[in-house]
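**Student:** Build me a structure from this.
(one chain, ligands or ions: 3)
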Amino acid sequence: MKMKTVLLVLLTIAGTIAGLQFAGCQSIGATSARTWAAEKVYVAPGEHDKYYGFLSGGQSGSVFVVGIPSGRLIREVPIFEPRAAVGYAVHPNDPRRKELEATGGAWGDTHHPVPSETNGVYDGKYLWINDLANGRVARVRLDVFETDKIVKIPNMQGAHGIAALSPNTKYIFVNGEFEQPTDGLVTNPDPYTSVVAFLDPESMAVKFQVRVNGNIDIADSSKDGRYAFSTVYNLEQGKDADAMFQYDRDAVVAIDVPAAEKAVAEGKARIQNGVPVIDPKEVPGVMTLIPVPKNPHGINATPDGKYVIASGKLSPTVTIIDAKTLKIVAEPEVGLGPLHTTFDNRGNAFTSLFLDSQVVKWDIDKAIAGAADYIVDRIDVHYNIGHLQAVGGETMDPKGDYLLALNKLSKDQYLPVGPELPEAQELIDISGEKMRMLLAFPTPPEPHDAVFMPAETLRGKVKQTFDLAPEAIAEGKESVMRTGPKLVKVNMTLIRSAYTPHQLDVREGDEVTLTITNVETIRDMTHGFALPDHSLNIALPPGATKTITFTAGKPGVYWYYCTNFCSALHLEMRGRMVVHPKDRTLTLTDWSPAQNVKGKAIPGVPSTGAER
Ligand code: RUQ
Ligand code: CUA
Ligand code: CA
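**Tutor:** Numbers count the residues shown, from 1 in each chain. Ligands and ions are numbered 1, 2, ... in the order given. Predicted coordinates for the structure are as follows:
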């Protein structure tokens, strides 16, 4: 061996040993720990993250999509709140805005993102999310990352816990946390009660509900689809906080789904507001109460389907329940304020400890066997963690690489931005025996929960352009028509860098129905349509069609313009709505497609990224 080669081999060996030592050793230098963490989360410009992270937006009413491990925000999907940035539900007549108003209002509080499952793993089709505030559930289509359905759940206030029935999403089930007088009337002397609602994933119709007392909190499914599990923390049925923690044990509720279906089929449910409601007192076998301490919160099924784990919240314990027999098999102590539990692929559970501001890692089998060393590791988080989620921890295929801590308070973690600080997420490496802190990233308020999907799950599913709707306007088919004394119909197309028609003549008070198609065929070539002083702001990704009816305002000239920078002629992409006085006699035939300058090259002006 030549000297050089020998040296190289030695160096390689030394490097390998250093690497091995590093992986196992606790006392690594501060610099190398930083470098190691940085290397783990660095995603170079132009490279893609390994996972999509879907973080619920809490009182932002949305879903934040981040890349994992980088933590980069790549999308916000607005759901229960208008968002001008993407032209979502802005105008009072926007169909989505109307749907929001009709189902509870233009704001929401999203907590738990729930992806559709096939064979116990996420299939990348849908993502559902609850609106705690207004008793609603929405569905996001993952091929276009847009909300496509919002439903109000009857007989329910405070839609909190939500889960997909494993392994093939037979139902989405939702827990009503805020109890109501049983008959919905305030005159009812009975104790308050609530329901778990079972929704069809496609139609999102509520198929049936099961009555449950005690403030139904978090939900999870048994992996075989037999049971819908929920925690209840107010078995006392107290109406104030003191009254809610009198008992040492509240309960995990297990609803036997086939038994409930049978009860509905046999007519044992009562119809309330159009929905069959089962009262488990009248139909034995539908519901089992498993006593667990104390004001429990999270409920999480283990990936192998054997157990379901309730986190004690006011008790320093978690309760491990056999998911088939519903018997409690162990109740190990884990720390103060246990809220939620997630899993790796090596038999470990990770529980968030709100009061200790920690994640605790523990060995499930050892805890059940009563071994003294079931606690594997603890790591501090900053600060006061709520949910935590390991990649795939909710599925039958946990990855065991990353875990996200969703922390409620960020105190000294970021530059101060006033009395209120951002929410803090921390990414933790869980691939080794010891957990290691990798990265923190802030978000707007207030992510509650998160789920992660491998990038491959969505590769090939995410569309490049919208499919043309039946009502789409084709190029050359644009028109302006007066359809009544005060009614105008406009069919418009958008393409770089023109509106066709580029002029509208209307009268004050006219009802204008505008159908717009973005006829671009290139991904990301979004055009906007903003109309000053008319509260109108629509964004149209390529292929999209939107229809909106608005009332023409005071006489004047209003320039509609494109809000999304789209080409070198973006600023020139605008048109005029001329609002004439009410009494003006108008012949509204003074526009024809021939008048538009669309497509004409302008000397000396390059058309950016243009393919036409
Ligand atoms: S639960 S407070 Cu996700 Cu911990 Cu809503
Ligand atoms: Cu179209 Cu800017
Ligand atoms: Ca209680």
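
**Student:** Count the neighbours of Leu404 for me.
**Tutor:** 29 (other Cβ atoms under 10 Å). In this view, the C-beta of every residue, glycine as well, is placed from N, C-alpha and C.

**Student:** And Gly298, by the same measure?
**Tutor:** The number of residues packed near Gly298 is 27, by other Cβ under 10 Å.

**Student:** likewise Val151?
**Tutor:** Neighbours around Val151, by other Cβ under 10 Å: 19.

**Student:** Thought Val137 was touching it, still the case?
**Tutor:** Yes. The pair Val151 and Val137 passes the contact test of Cβ atoms under 8 Å, sitting 5.7 Å apart.

**Student:** what touches both of those two?
**Tutor:** Listed as contacting both Val151 and Val137 by Cβ atoms under 8 Å, 6 or more residues apart in numbering are Leu199, Met204.

**Student:** does Ala38 belong to a helix or a strand, and which?
**Tutor:** Assigning secondary structure by DSSP states H and E places Ala38 in helix 30-41.

**Student:** for ligand 2, what are the nearby residues on this structure?
**Tutor:** Residues of the chain lying close to ligand 2 (Cβ under 6 Å from any ligand atom) are Ser497, His527, Cys562, Asn564, Phe565, Cys566, His570, Met573.

**Student:** Got a PyMOL select line for the buried ones in these?
**Tutor:** In PyMOL syntax, the buried subset of the residues of the chain next to ligand 2 is picked out as below (16 or more other Cβ atoms under 10 Å):
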select buried, resi 497+527+562+564+566+570+573
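
**Student:** Next, format the residues of the chain next to ligand 2 as TSV and append secondary structure and pLDDT.
**Tutor:** As requested, these are exported to TSV (DSSP: H, G, I helix; E, B strand; the rest coil; pLDDT from 0 to 100):
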residue	secondary structure	pLDDT
Ser497	coil	92
His527	strand	97
Cys562	coil	97
Asn564	coil	95
Phe565	coil	95
Cys566	coil	95
His570	coil	96
Met573	coil	96
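
**Student:** Kindly indicate which of the residues of the chain next to ligand 2 lies nearest ligand 3.
**Tutor:** Ligand 3 lies nearest to Asn564 out of the residues of the chain next to ligand 2, by Cβ to the ion, at 51.1 Å.

**Student:** so the closest one sits right up against Gly528, yeah?
**Tutor:** Yes. Counting by Cβ under 8 Å, Gly528 is a contact partner of Asn564 at 4.8 Å.

**Student:** Overlap of the contact sets of these two?
**Tutor:** Common contact partners of Asn564 and Gly528 (Cβ under 8 Å, 6+ apart): Ala539.

**Student:** picking that back up, list the contacts of the helix holding Ala38.
**Tutor:** Phe22, Ile28, Pro69, Ser70, Gly71, Leu427, Asp429, Arg436, Met437, Leu438, Leu439.

**Student:** Mind checking what helix or strand follows it in sequence?
**Tutor:** Past helix 30-41, further along toward the C-terminus, the next helix or strand under DSSP H and E is strand 51-56.

**Student:** Check the offset of whichever helix or strand comes after that following strand from the chain's centre.
**Tutor:** The helix or strand immediately downstream of strand 51-56 is strand 62-68, counting by DSSP H and E. Its chain's average C-alpha position is 8 Å from that of strand 62-68, according to Cα atoms, centre = their mean, to the nearest Å.

**Student:** Sheet partners, orientation included, of strand 62-68?
**Tutor:** Strand 62-68 pairs in its sheet with strand 51-56 (antiparallel), strand 73-78 (antiparallel), by DSSP bridges.

**Student:** Show residues contacting that strand.
**Tutor:** The set of residues external to strand 62-68 that reach it, using Cβ under 8 Å, 6+ apart, is 43, 48-57, 72-81, 83, 110, 113, 127, 129, 140, 145, 391, 402, 404, 425, 427, 441, 443-444, 447, 452.

**Student:** Kindly report the same for stretch 73-90.
**Tutor:** 57, 60-67, 94, 96-97, 100, 106-110, 129, 131, 134, 136, 138, 140, 145-147, 150, 443, 528-529, 535-540, 546, 563.

**Student:** Tally up the residues packed near Gln358, please.
**Tutor:** With other Cβ under 10 Å as criterion, Gln358 counts 24.

**Student:** list the contacts for it?
**Tutor:** Gly335, Ser352, Arg378, Ile379, Asp380, Val381, Ile385.

**Student:** Counting neighbours, what do you get for the fourth one?
**Tutor:** What that stands for is Ile379. 20.

**Student:** For Gly392, give its distance to Pro532.
**Tutor:** According to Cβ to Cβ, to the nearest Å, Gly392 and Pro532 sit 48 Å apart.

**Student:** Of those two, which one has the most company?
**Tutor:** When Gly392 and Pro532 are compared for neighbours, Gly392 comes out ahead with 25 against 15, by other Cβ under 10 Å.

**Student:** From Phe229, how far off is the more buried one?
**Tutor:** Applying Cβ to Cβ, the value for Gly392 to Phe229 is 19 Å.

**Student:** Dump the residues of the chain next to ligand 2 into CSV; add distance to Lys463 as well.
**Tutor:** As requested, the residues of the chain next to ligand 2 are arranged in CSV below (distance: Cβ to Cβ, whole Å):
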residue, distance to Lys463
Ser497, 24
His527, 17
Cys562, 22
Asn564, 18
Phe565, 22
Cys566, 19
His570, 24
Met573, 24
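
**Student:** Relative to ligand 1, which of the residues of the chain next to ligand 2 is nearest.
**Tutor:** Of all the residues of the chain next to ligand 2, ligand 1 sits closest to Asn564, with 34.4 Å by Cβ to the nearest ligand atom.

**Student:** which SS class is Met156?
**Tutor:** At Met156 the chain is in coil, as set by DSSP: H, G, I helix; E, B strand; the rest coil.

**Student:** what about it, how many residues close to it?
**Tutor:** Using other Cβ under 10 Å, Met156 has 27 neighbouring residues.

**Student:** In contact with it, which residues?
**Tutor:** Contacts of Met156 by Cβ under 8 Å, 6+ apart are Gly135, Val174, Gly176, Ser194, Val195, Ala197, Gln209.

**Student:** Tell me where the model's unsure across the stretch 1-150 of the chain.
**Tutor:** For the stretch 1-150 of the chain, applying pLDDT under 70 flags the ranges 1-28.

**Student:** Now do the residue in it that ligand 2 sits nearest to against Ile548, distance only.
**Tutor:** Residue nearest to ligand 2 within the stretch 1-150 of the chain: Gly87 (12.4 Å; Cβ to the nearest ligand atom). Separation of Gly87 from Ile548 (Cβ to Cβ): 10 Å.

**Student:** More neighbours: which of those two?
**Tutor:** Between Gly87 and Ile548, Gly87 has the larger neighbour count (other Cβ under 10 Å), namely 27 against 21.

**Student:** Just the buried ones out of the contacts of stretch 73-90, please.
**Tutor:** 57, 60-67, 94, 96-97, 100, 108-110, 129, 131, 134, 136, 138, 140, 145-147, 150, 443, 528-529, 536-540, 546, 563.

**Student:** Among these, which ones are in helices?
**Tutor:** Judged by DSSP state H, the buried ones among the contacts of stretch 73-90 include Arg96, Arg97, Leu100 as members of helices.

**Student:** Enumerate every residue touching the second one.
**Tutor:** Pointing back at Arg97 there. Contacts of Arg97 (Cβ under 8 Å, 6+ apart): Pro82, Ala89, Val90, His91, Ala106.

**Student:** can you check the last one too?
**Tutor:** Leu100 sits next to Phe80, Pro82, Ala89, Ala106, Ile150 when contact means Cβ under 8 Å, 6+ apart.

**Student:** can you name the two of those residues that are farthest apart?
**Tutor:** Pro82 and Ile150 (13.0 Å; Cβ to Cβ).
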